[in-house]
Structure formats: C-alpha cells, structure tokens
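1. one predicted model, sequence on top.
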Amino acid sequence: MISCRNLTRRFGDFAAVDELNLEVATGAICAFLGPNGAGKSTTVKMMTGLLAPTSGEVRVCGLDPAANGLMLKRLIGVLPEDLGLFDDLTVEEHLLLTGDIYGVPRAETRTRTAQLLHALSLEHGRRTFAAACSHGMRKKTAFAMALLPNPQVLFLDEPFEAIDPVTAKIMRDLLQSVARHGVTVFLTSHILSMVERIATQIVMIRKGVKVWDSTVGDLPQALEDHYFDLVETPVVEELEWLGPSRS
Amino acid sequence: MARAIALLRALATAYRRDWTAVQSLVGNNFFLLTAFFLGKAGTFIYLIMGLVVLFPLSTDPLRKVPASRLPLWPLERREWWLLRLASPWINPMTWAIVALAAWAAGRTVTVSLWALIAGLFVAAFLISALPLPSGGGFWRSVPQFPVRLNQLVRKNVREMLSTLDFYCAAILSAAMLAYRCFGPPLPREALMAMTFLAIGALSSYAQCLFGLDGDGGLSRYRLLPVSGWQLLLAKDAAFLVVLIPLLLPLAPMAGFGGALMVLAVGHSPSVRQPREQTRWRFTTGATLGNGLVQMIAMTMTVSAIFSTSLWFLAAAVAVWAGSLWWYGRELDREGRAIAL
C-alpha cells in the first residue's frame, strides 16, 4: 500500500531523508520512529504529496503523490504535525467540512460526526471554536477529521502526544479496528509503550537513514531498549548547581 | 522593584514589536482613498477614522503578559501596583492624550473634545483588559450556505468579520443609510463616492485572502482534495457575502462590479505575496502598487457601471472569472504551499 524506493529529500547539502526503502502492506500499522529532526515528518510530507522528493520514488495506493496529488488526497486521511485546524470553525464544523469536501453524503456525514464526537469524548465541546480548544481537543478533532472519510491509508503524525490515557486507549482501539478493516496506518510517535502495543511493523530512522525495519515479533529485545541501542542512547548529566544529593 | 522594572522593560519591547495598529494603516487602501477625499468630506471621514483607529491603539500593554503567567511571578504587592500604574505609559497614546490635554488648555481644542478623546481611549483601554469570550461573539454567528464549500465560506466570513476593515465599511454604509432615510436628497455622485469608500475599506483584505488562516489552516488547505480555484472561490464568496449587504444603501450593482475587480486584482498578491494579518486590526495590503491598481480598476468599473451601462458588469465578471481560473491554477502548481 505504501512503497518507497531510494526516497531522498535534501535541503541544500543536508539530507533530511537519505535513500529510504520501505514497504508497508495493506492493513498494517507501521510505526515510524526516530528522534526529533530524524526525518520522520519530511517522509510523511513526501508520502502525502506535501513535499516533492529530491530523488527516488514513493507510491501510496499505487499513486505517485507528486503527480496525482488531488486523486491521492481523496484516498488518504492525514493527522498533520500542526493539526491543520481553522481557528474560526468549531469542532463539529471541522467534521462537517471534511464530509462535504470528501463527498460523503450529508446524512452519512452527520451520523459519522456524531459517532466520532461520542467515541472521542468531544460531544461537550462540539461547538467550541478550535482557537479556544485545549491541545488535546484539537488533536482529537484532527484525528476525527482523518478518520471521517473512511480512507484507505491513514498518516498520523504524533497521534498520542498530549492525549489523556482514556482517549489514547480509545484511539488505539479505533486504529486497530480500522486496520482490521483493511486500512493501512502509518504513524510517527515518541511514546514507545503505546507503539509496542499497537504497531505490527516497526521502522526506525536516524539522521535520515533507516536503521531498522521489521515486524514487532522480530524485535530482538524490548522496543525501548532496541530504540536506545539503535537510534539514540540517553545521557543524563548531573546539574551541579542543584547542590549535593540528599538521598 | 528591580523585578517590576525588568518586567516593564520586557513589556515595552513586546508592545513595540506588536504595535501593528499604526503599521497596518500604512498599507491599507482605505487610508489612501480617504487621503484623496479629505478635501471634500474632511470632518466626517476624520470622525470615522478617529473612532476606528483610536480603538486598537488604546489596548492595555499589560495584556501582553499571558494571563496564566502573571500570577506565577514572585511579585510583591507594591511591585504589582507599580506594574499596573506604570504599564499604560508604555503605550504612546497615553503620552499623546496627556500632550493634547496640555496643549488644549487655552487653545483651539475644547475641553469637551479632549474629554471625548480621552473617554474613548479609557473605554478602549478597559475593554481591552477584559478577557475575550472563548465561544466567540455575534460576528461568529454566520448562516449556512447550501454549497459544498459551506464551512469554508462560513470560516472565511468569520475571518473577515474579525478585521477592522469591515467595521469601517459598516459605519460608512450605516451612516449613508441613515442619511438617505432622514436627510435631504443626495446627488447621485455622492452615492458613487460612498460606494468607492465602502469597497475601498474592504479592498486591502482582498489582497491577503489567506492572511488570517494561520499555519494550521494553510496546512489543511494543502491536504484538502479540492482545486485551487475552489479555495479562492470560497474566499471570494465570503468577501461578496460580507460586502454586498453594505452596498445596498449605496450603489449595489456598480458596487458589485467594483468588488469583483478588487478581487480579480487581489488574487495575485493573495497567492504570490501572502501576508499574515492580525485580528482586530486594519488589514495591511501587499504593496502600494497593488493598492493603486486595485483602486484604479475599482473606481473605473464602478464609474462605468454607474454612469453608462450594466454591460461593464458582465466585463467585470469575465475578468474576475479569468483571474480565479488563472490564480487557482497557480495555487495548484505551487502545491498550495502558501507560506505567511
């Protein structure tokens, strides 16, 4: 469903993504992991047609995002890094807008909107303008917008950050449910415990280069340990100005 | 005391950087147009400008501090009072009011005029200190439109209603309506001149149609499966929905043609030179050149329709449709990568 061949994106001399090769099957939940600035968002932007690759190729649903942008946009749902919400629309209006734009019949849009608002505990804030929403509400709204048109592929950039545990569980269950219905999910996240529970495929990237790609079952150790070994080892420095330790 | 002074210094820096109220006037077509008309209708135009301009200039500088931050700072009571009493003097308008009071003593400015200006300043200052309602005011109650782009049009209308340009045009329109109802008959030319002013008040907004969408909105545009011309159409529809009711007491048909020309010229800077705008301020146009071209095209079209034939309206529709198609294609070519 998603295929990358030697996908590269350069900004001047800096290679944000370097020769990335990747295959994600239909119905898979692929977690794309890496530290900040590793090239995750750049990769997602190339897959969704928001950024043209410098070289290499990417296919989503068999389409080249750069050449068939409009057609591809009708088939995918995206939760972008900045959520992509309008300050002057309410939570509910964002969902109605999505239904109208993606050609979902009005009655069906209303049904799906009601179900998503209920499932994501957004009912009480349905008439709140995005500008006045908490970050969690904004994220849930953007997530619901990605789901509403029933896309073939879902791209989710950091879906679980700033979300309360209950909603995170609901989102996880929803994603597993849509994957069972054949929707391919491609997500980035820093919350490894959540990734370990939900993902079927793990891809790790460091400085634009892929360093790991396997199913969850093929990981040689716990995901967090493997991530620290391959991607980034945390180094904790003592802050001398805190004074002597009392414990 | 040092803490309060450090805070005042930071506030002054933040306030100076954000003092866009005056900067925005420089690139606004309305002020170009009024400069042209001042000789003929000075007092009335000055009054409207004074009312509309004074309001955004009179905001409380202490609002620059985030509401959740101020109570967290370890300020003593006297430091807080120092901050409260000293911060208004960061606003140059405070100094201007005091200077005007000193100058007014024994001069041509009467005490009552000074009191009116000072009263407006204080009212605006106090209102600005009140928290804005999170649910939005009346300006967010926009009707539904029976089209696929309904929510986009509604959003765009709300954006327009959060600029001072609209209120400036609304005051002009309301004043004209009142005059036509209760005043002596007006010469036809006066209707045309007021139509110029009403469209002129909103025309700068047509140069920066994406200026209030923010990064999130622009990012969403790039994800939506709609063509560039449809995004522009939603913007134009909102512009016309807001402007046409204001033109009803003036010269509606001629005004409609003028509005289409303003939009046709405005598509280019909206797509090629996007400029971020600030709510509750006047819109800042892209360049003086764009403003002049817009004003010339608009006044010629309004005059032609008003004085000669409605056929010029058909020409204006054709020019607008051509511009919509051309710049819609340009939006698609650029991958809708509008960056403010």
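-> Looks like it arrived, so ask away.
2. what residues does chain A put near chain B?
-> A:48-50, A:52, A:69-70, A:73-74, A:78, A:80, A:82-89, A:93-94, A:96-97, A:100-102, A:127-130, A:132 (C-beta under 8 Å from any C-beta of the partner chain). To be clear about C-beta, it is placed using only N, CA and C from the backbone, and glycine gets the same treatment.
3. again, only this time at 7 Å
-> A:50, A:70, A:73-74, A:78, A:80, A:82-89, A:93, A:96-97, A:100-102, A:129, A:132 (C-beta under 7 Å from any C-beta of the partner chain).
4. show the buried residues in the residues you listed.
-> A:50, A:73-74, A:78, A:80, A:82-89, A:93, A:96-97, A:100-102, A:129, A:132 (16 or more other C-beta atoms under 10 Å in any protein chain shown).
5. and those residues, which of them are in strands?
-> A:Val78 (DSSP state E).
6. need the contact list for the closest residue to A:Ala16 other than its chain neighbours.
-> Leaving aside its sequence neighbours, A:Ala16 sits nearest to A:Thr42 (C-beta to C-beta, 6 or more residues apart in numbering or on different chains; 4.4 Å). For A:Thr42, the contacting residues are A:9, A:16-17, A:51, by C-beta atoms under 7 Å, 6 or more residues apart in numbering or on different chains.
7. need the buried ones from the residues you listed selected in PyMOL.
-> In PyMOL, this line selects whichever of those come out buried by 16+ other C-beta under 10 Å:
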select buried, chain A and resi 9+16+17+51
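8. which members of the contacts of A:Thr42 occur in helices, if any?
-> Among the contacts of A:Thr42, no member falls in helices (DSSP state H).
9. which one of the contacts of A:Thr42 sits closest to B:Trp80?
-> When these are ranked by distance to B:Trp80 (C-beta to C-beta), A:Ala16 comes first, at 47.7 Å.
10. so the closest one makes contact with A:Thr8?
-> No: taking contacts as C-beta atoms under 7 Å, A:Ala16 lies outside contact range of A:Thr8: 8.8 Å.
11. in chain A, what residue spans correspond to helices?
-> A:40-47, A:69-73, A:91-101, A:106-119, A:135-147, A:165-180, A:192-198, A:223-230.
12. looking at those helices, which is nearest to A:Glu23?
-> helix A:40-47 (12.7 Å).
13. then that closest one to CSV, C-alphas only?
-> C-alpha atoms of helix A:40-47 as CSV (Å, rounded to 0.1, in the frame of the first residue of the first chain):
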residue,chain,number,x,y,z
LYS,A,40,10.0,11.4,10.1
SER,A,41,7.8,14.4,9.2
THR,A,42,9.7,15.0,6.0
THR,A,43,9.0,11.4,5.0
VAL,A,44,5.3,11.8,5.8
LYS,A,45,5.1,15.0,3.8
MET,A,46,6.6,13.3,0.8
MET,A,47,4.2,10.4,1.2
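14. run a quick neighbour tally on the residue nearest to A:Leu97 when sequence neighbours are not counted.
-> Using C-beta to C-beta, 6+ apart and skipping the chain neighbours, the partner closest in space to A:Leu97 is B:Gln151 (3.6 Å). By other C-beta atoms under 10 Å in any protein chain shown, the residues close to B:Gln151 number 27.
15. contacts only, for B:Gln151.
-> A:89, A:93, A:96-97, A:100.
16. wouldn't B:Ala201 be in contact with B:Tyr167 here?
-> No: applying C-beta under 7 Å, one finds B:Ala201 not in contact with B:Tyr167, separated by 8.9 Å.
17. can you tell me the centre-most residue of chain A?
-> A:Leu156 (1.7 Å; C-alpha atoms, centre = their mean).
18. still on that earlier bit, from the contacts of A:Thr42, which land in strands?
-> Those of the contacts of A:Thr42 lying in strands (DSSP E): A:9, A:16-17.
19. how's chain B carved up into domains?
-> Chain B breaks down into these domains under automatic domain parsing: B:1-30+B:55-131, B:148-333.
20. least confident secondary structure element in the chain?
-> Going with chain A. Between all helices and strands in chain A, the lowest mean by mean pLDDT, DSSP states H and E belongs to helix A:69-73, at a mean of 88.
21. look at chain B instead
-> For chain B, counting by mean pLDDT, DSSP H and E, helix B:20-26 ranks last in confidence among helices and strands (a mean of 58).
22. any idea how far stretch A:163-182 is from the chain center?
-> With C-alpha atoms, centre = their mean, to the nearest Å as the basis, stretch A:163-182 stands 13 Å off its chain's centre.
23. enumerate the positions of it that are buried.
-> Residues A:163, A:167-168, A:170-172, A:174-175, A:178-179 are the ones in stretch A:163-182 that count as buried (16+ other C-beta under 10 Å).
24. how about it as CSV, C-alpha atoms only?
-> Written as CSV, here are the backbone C-alpha positions of stretch A:163-182 (Å, rounded to 0.1, in the frame of the first residue of the first chain):
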residue,chain,number,x,y,z
ILE,A,163,-3.8,12.9,24.9
ASP,A,164,-5.3,11.7,28.1
PRO,A,165,-4.9,7.9,28.8
VAL,A,166,-8.5,7.0,28.2
THR,A,167,-8.7,8.8,24.9
ALA,A,168,-5.3,7.3,23.9
LYS,A,169,-6.8,3.8,24.6
ILE,A,170,-9.9,4.7,22.5
MET,A,171,-7.7,6.0,19.7
ARG,A,172,-5.6,2.8,19.9
ASP,A,173,-8.7,0.6,19.7
LEU,A,174,-10.1,2.7,16.8
LEU,A,175,-6.8,2.3,14.9
GLN,A,176,-6.7,-1.4,15.4
SER,A,177,-10.3,-1.6,14.3
VAL,A,178,-9.7,0.3,11.1
ALA,A,179,-6.6,-1.8,10.4
ARG,A,180,-8.7,-4.9,10.7
HIS,A,181,-11.0,-3.4,8.0
GLY,A,182,-8.1,-3.1,5.7
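25. show me the contact partners of that stretch.
-> Counting by C-beta under 7 Å, 6+ apart, A:26-27, A:29, A:119-121, A:136, A:139-140, A:143, A:147, A:154, A:159-160, A:185, A:194, A:197-198 sit against stretch A:163-182.
26. so where's chain A shaky on pLDDT?
-> Residues of chain A meeting the criterion pLDDT under 70: none.
27. can you list the domains in it?
-> A:2-75+A:151-242, A:84-150.
28. most packed of these?
-> domain A:84-150 (a mean of 20; mean count of other C-beta atoms under 10 Å in any protein chain shown).
29. got the end-to-end distance for that domain?
-> 18 Å (C-alpha to C-alpha, to the nearest Å).
30. next: stretch A:126-138.
-> Using C-alpha to C-alpha, one end of stretch A:126-138 lies 11 Å from the other.
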